[in-house]
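>>> pasting the sequence and the predicted model now:
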Amino acid sequence: LSRLGITSSACFVFNCGENEQLDHLFFGCPYSKQIWAQILGKFNIIRPILPWAEEIQWMVDHTKGNKFPQALRKLVFGATVYHIWMERNRRIFKNCFLPLQSIIHKVQCDVVGKMAGLNMPFDQVDEHHHSLGTNW
């Protein structure tokens, strides 16, 4: 976008001093890394945030199937990537900045809305799955 003159700089919009790159946007930047770490925490997953390609591989390895945890992880990952991208665009094109917790809240709202439409027997899930649903 900077080469085309649409933006004035290739400097990353989350004010970390880096140039914008896919690996940095998802989840190398401290801002997006913190969002993803808090989102993973809602799954009770505490681990280092990996580079983009490794995060994708981790998601592929941990979202096989359509059981509740796998379906939830897919929804959460998609919503997180979407809202980080939307925040990036909001900052570039509208000069509007949302705090980190607002992005997390937007992810949660999207996921809860999608979960409400799923045909899953939530009354038959075990205690671990119930706590996942409660976190969301």
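Cool, got the structure.

>>> CA only for contacts and neighbour counts going forward, please
Fine.

>>> contact partners for the residue most central in space within the chain?
Residue closest to the average C-alpha location in the chain (Cα atoms, centre = their mean): residue 80, at 2.0 Å. Applying Cα atoms under 8 Å, 6 or more residues apart in numbering to residue 80 gives the contacts 36, 104, 107.

>>> the residues you listed, buried ones only, as a PyMOL selection?
To isolate the buried members of those in PyMOL, using 16 or more other Cα atoms under 10 Å:
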select buried, resi 36+104+107
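
>>> restricted to strands, list the contacts of residue 80.
Of the contacts of residue 80, none are assigned to strands by DSSP state E.

>>> using a markdown table, please lay out the contacts of residue 80 together with pLDDT and distance to residue 69.
What follows is these, written out as a markdown table (pLDDT from 0 to 100; distance: Cα to Cα, whole Å):
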| residue | pLDDT | distance to residue 69 |
| --- | --- | --- |
| 36 | 96 | 17 |
| 104 | 97 | 19 |
| 107 | 96 | 16 |
